[in-house]
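S.K.: Sequence first, predicted model second:
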Amino acid sequence: MPKDHGIGASSKRREDVRFLTGAGNYTDDINIPGQTYVHFLRSDIAHGKINAVNTEDAAGMPGVLRVFTGTDFEGVGGLPCGWQVTDKHGQPMQEPAHPVLAQGKVRYVGEIVAAVVAETAEQARDAAEAIELDIEDLPAVIDMKAAVQEGAPKVHDDLTSNLCYDWGFVEENKGAVDEAFEKAAHVTTLELVNNRLVANPMEPRVAIGDYTRHNGESTLYTTSQNPHVIRLLMGAFVLGIPEHKLRVVAPDVGGGFGTKIFHYAEEAFCTFAAKALKRPVKWTSSRSEAFISDAHGRDHVTKIELALDGENNFTAIRTETYANMGAYLSTFAPSVPTWLHGTLMAGNYKTPAIYVNVKAVFTNTVPVDAYRGAGRPEATFQLERVIDKAARELGVDPIALRRQNFITEFPYATPVAVEYDTGDYNATMDKLEEIADLKGFEARRKESEARGKLRGLGVNCYIEACGIAPSNLVGQLGARAGLYESATVRVNATGGLVVMTGSHSHGQGHETSFPQVISEMIGIPEDQVEIVHGDTARTPMGMGTYGSRSLAVGGSAMVRATEKIINKTKKIAAHLMEASEADIELKDGQFTVAGTDKSVAWGDVCLAAYVPHNYPLDDIEPGLEETAFYDPSNFTYPAGAYACEVEVDPETGKVTIERFAAADDFGNVVNPMIVSGQVHGGLAQGIGQALLEGAVYDETGQLLSASYMDYAMPRADDVPFYTVDHSCQTPCTHNPLGVKGCGEAGAIGSPPSVVNAVVDALQSAGKSVTHIDMPLSPGRVWTAMQG
Amino acid sequence: MTQVSMTVNGKSVSGEVEGRTLLVNFLRDHLSLTGTHVGCDTGQCGACMVHVDGDAVKSCNMLALEADGTEVATIEGQANADGSLNTIQQAFQDHHGLQCGFCTPGMVMTAAALLKDNPKPTEAEIRHYLEGNICRCTGYHNIVKAIMAASGQDVNAIAAE
Ligand code: FES
Ligand code: FES
């Protein structure tokens, strides 16, 4: 019997009611009396020297309050980068200044040159058209390998080159890796592109700056996954506003997928301008602006080599990757191709020697940063593709080759600096074979053939490092922030609870799943627990939601705070029942004394804490409110096995996804319905990357795919019903809930199986195709088939 | 500025708009009906879907003045008279057909239009009909399932998890 409440129940989401009735409160739904509107004039060339920005005519247009340019921001700090990577020579990365409004030069199409604030959005837009720009074209660098050639135009004149860093990991492994390749019985090499993507949450970004004169406080309403991080970065590094004078609110947020982690120029602008004008300033991104101003994702060019011995054991992996940073360093950009990518190169396999080299490169393109999975999809894709290629070269079954090389003993210390606490990769592979009905594949292939279609099967595994992260570890790795999470649990006098969490929900359903945990712990109904998030004035300092960390880190903080509450209520209950504290038990919202029939209800104990007439005042304080900060001791390591079946139309090269199955190990699961939904969404994004999506620049730096007419988002008829399973559960050993995180798995695990399946389909027709770069558009597949 | 009048969710409303004001902006900014969303500027995403005289219309593709004299229905008017969720809304909650909720009003309005014309659509018909609605969160699985359930079809066979 499935549970109907608490941990493990598929409780229906309470947030749905407001979203389904149009009562959601997204940032753009907020309007403040006296509000003005800003329109940003953005560079339409990729690289240029700003000779003049003439704003005179614009300033005189109807409704215009003020036109801002880079000079207004000369004394203001730049947008900070939150992670410093050290290169293979021990030197810090090259870190350019990142101005709020362009200073002296423009470096990508979309960079803000000027900003018009007016009484209405239309007036601001009209006036922006009256600004005269004198920008001198400079040669742009778009291709990463060209950007690091001698004599390439420099994106930043004050840096020595366009190379941000050249990272080697683990440098001490290099000798052993080279030696293993010399001794290898077989080496498989693959060069591939991990295509550039645009995250595209359906809600475009919005920022509203407000300044209240009576107390000198600034408030920023913004579409953010982590309001406290924005407050810290913007307050301390950009605008110099002390945190007690700055509030950041991220209300309902319409999807994030990483791109709403970062601190953006528009947020700083609206906050700054609101104070300067003493009026609220609102910006709502259009989708066209989003394409050229939201941080992009992925964009790696990689060569990977896999060495095997005579028995097909993996003996070494060597990679070289070029990672695009774009024109500036977005908030966490340097960490993505390094610590979120290199550390995952062992995958699910016991390869003893691994060396990863990453060259991060500046180009005249939109900054690139974390997008769902962030580094881990890039690691998984190259590893699972090269293994598939090796299996085909060696003529062995790709699943058997994987199984043979699986890590089977835990904890397992990889050669790339992380220690997996638990896992059972054979179990998820067994489960996959069952739910994907792999036995039935050959029959389905024949059936496709009969209809003139080529059918292919692709399988892959993945592992990810989630629940980022132990603060002391990431501090050593260059993070300029801690990565704990916080929760304050406030019990009201009548027994209801409010949890104020630093985690942020922008689709994940925390308002439903977090109360399930509390309900389980205390035994009160879920609807007596309210979750507050997304407001720095109402929640303790916390780091927000990304990297599948909410339940693993934020949920753990909530558990710790709730444990403190329970300990205190047990003391009160012991006093009320004149019993020893050690004998008090809490179950189903009742305190009992072991071995007696004495009991007192949860609500009565809570009331006693606030009306402390009969109360141990000498021992404990009145009131019931506790805060906990939880800093994890390790990452969590969700893992799984995915299978994709495609049909390829040999006439057109069109690929359709016929079946997709995902067997995941997320450790313990709090709400299976929500977890499945997270996987579904991730799968669609991964299938989108594999078949449809690509951010394409021309050689002058124009983004050709800058609208939904040109950037192919997955739609309902591009995907099938998925078969997902998360019954294989090896609970995380180091957090109190035993949970691992599920938000990114689908996006990490799905692209390789799609490509593996298409290669399988083409090879089944006798084609010698070994790889096609994503997205596998009909044109690319058809072209590959002609070769 | 021109005067525009229409019926929205059964109530007569009017306002002064510029010629270029879109219906979606009239709904959101003039009437504070912020349940209708704007997800793009090329008429592709369907977050702005409403019904005009009974037909599903992308309200970002229609000027407010073009809607003069029409009957407009938005997500705010979809619940039952007692405030409870209607069949489609309830199916979306029951089958987890939404995550961030941003595409959801458009999905519900589109689903209502579909079921009006085709009370028992197949999976393929639903997927095809949703071509003009983008969801970035759900991977569509549970949206399709919810619409099938709302049409009274048995969805137990579709993997719950
Ligand atoms: S906002 Fe109307 S279709 Fe996107
Ligand atoms: S639920 Fe977020 S876009 Fe559909």
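M.R.: Yes, it's here. Ligands and ions are numbered 1, 2, ... in the order given.

S.K.: Could you give the average pLDDT over stretch A:726-745?
M.R.: Mean pLDDT, computed over stretch A:726-745, is 96.

S.K.: what's the answer for stretch A:503-520, then?
M.R.: Mean predicted confidence for stretch A:503-520 is 95.

S.K.: show me the contacts for the residue minimising distance to the centre of chain B.
M.R.: Centroid-nearest residue in chain B, with CA atoms, centre = their mean: residue B:109, separated by 2.5 Å. Applying CB atoms under 8 Å, 6 or more residues apart in numbering or on different chains to residue B:109 gives the contacts B:49, B:50, B:51, B:56, B:73, B:74, B:75, B:78. Just so you know, the C-beta spots here come from the backbone N, C-alpha and C atoms, and that holds for glycine as well.

S.K.: Over to residue A:118?
M.R.: So residue A:118 contacts A:36, A:37, A:39, A:61, A:63, A:64, A:65, A:124, A:127 (CB under 8 Å, 6+ apart).

S.K.: Repeat the analysis, applying 7 Å as the threshold.
M.R.: A:36, A:37, A:63, A:64, A:65, A:124, A:127 (CB atoms under 7 Å, 6 or more residues apart in numbering or on different chains).

S.K.: Which of the helices or strands spans the nearest residue to the fifth one once chain neighbours are set aside?
M.R.: Nearest residue to residue A:65, sequence neighbours excluded (CB to CB, 6 or more residues apart in numbering or on different chains): residue A:117, at 4.7 Å. Mapping residue A:117 onto the secondary structure by DSSP states H and E places it in strand A:112-118.

S.K.: moving C-terminal of that strand, what's the next helix or strand?
M.R.: helix A:121-128.

S.K.: so how far is the lowest-mean-pLDDT helix or strand in chain A off the chain centroid?
M.R.: Lowest by mean pLDDT, DSSP states H and E among the helices and strands of chain A is helix A:471-476, with a mean of 88. Remark: helix A:471-476 is offset 19 Å from the chain centroid, using CA atoms, centre = their mean, to the nearest Å.

S.K.: Alpha carbons only: can I get the helix or strand that it is followed by in PDB?
M.R.: Once the chain leaves helix A:471-476, the next helix or strand it forms, by DSSP H and E, is strand A:485-491. The C-alpha coordinates for strand A:485-491 follow below in PDB (Å, rounded to 0.1, in the frame of the first residue of the first chain):
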ATOM      1  CA  GLU A 485      21.900  25.500   3.700                       C
ATOM      2  CA  SER A 486      19.800  26.900   6.500                       C
ATOM      3  CA  ALA A 487      16.300  26.500   8.000                       C
ATOM      4  CA  THR A 488      14.400  28.200  10.800                       C
ATOM      5  CA  VAL A 489      11.600  26.200  12.200                       C
ATOM      6  CA  ARG A 490       9.000  28.300  14.000                       C
ATOM      7  CA  VAL A 491       6.300  26.500  15.900                       C
END
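
S.K.: Name the residues that touch strand A:485-491?
M.R.: Against strand A:485-491 from outside (CB under 7 Å, 6+ apart): A:497-503, A:540-543, A:553-554, A:557-558, A:561-562, A:565, A:606, A:624-630.

S.K.: make it 8 Å
M.R.: A:497-503, A:518, A:539-543, A:549-550, A:553-554, A:556-558, A:560-562, A:564-565, A:569, A:606, A:609, A:624-630.

S.K.: This completes my enquiry, with thanks.
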